[in-house]
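Student: quick check, what structure comes out for this input:
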Amino acid sequence: MGYPPLVPLTEKPLAPPTCAEAVAIVLGSVRAEGVEPSEFGHSVLSALAREEIDADEACARLRAHYRR
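Tutor: I've put the predicted structure just below:
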């Protein structure tokens, strides 16, 4: 016999965070570590939060910027 589920099966799972919520979580996490994104990093995160770009595009922009 296995372990009981951590969440009772009668409860609905939480919806995933929106892009804006995910960005807020990321910023809170890095700030808790004493780090602040660069101005360029903030611009990419803002575009991601507004859903103007997706995560793949955000990563591509950051890679291109920091490979210069």
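Student: report the contact partners of the residue nearest in space to the middle of the chain.
Tutor: When CA atoms, centre = their mean is applied to the chain, the residue found nearest the centroid is Ala22 (3.8 Å). The contact partners of Ala22, taken as CB atoms under 8 Å, 6 or more residues apart in numbering, are Ala49. Yep, even glycine has a C-beta here, placed from its N, CA and C like the rest.
Student: for Glu51, see how far away it is.
Tutor: For Ala22, the distance to Glu51 equals 11 Å [CB to CB, to the nearest Å].
Student: with Tyr66 instead?
Tutor: 23 Å.
Student: on that earlier part again, helix, strand, or coil at the residue nearest to the centre of the chain?
Tutor: helix (DSSP: H, G, I helix; E, B strand; the rest coil).
Student: what's the separation between it and Leu62?
Tutor: Counting by CB to CB - Ala22 and Leu62 are separated by 15 Å.
Student: ok, Arg31 next?
Tutor: Arg31 is 18 Å from Leu62, by CB to CB.
Student: between these two, who's got more neighbours?
Tutor: Higher neighbour count among Arg31 and Leu62: Leu62, with 16 against 11, using other CB atoms under 10 Å.
Student: need the contact list for the residue nearest to that one when sequence neighbours are not counted.
Tutor: Distances taken as CB to CB, 6 or more residues apart in numbering place Val44 nearest to Leu62, at 5.9 Å, with adjacent residues excluded. Applying CB under 8 Å, 6+ apart, we find Val44 in contact with Ile53, Ala58, Arg61, Leu62.
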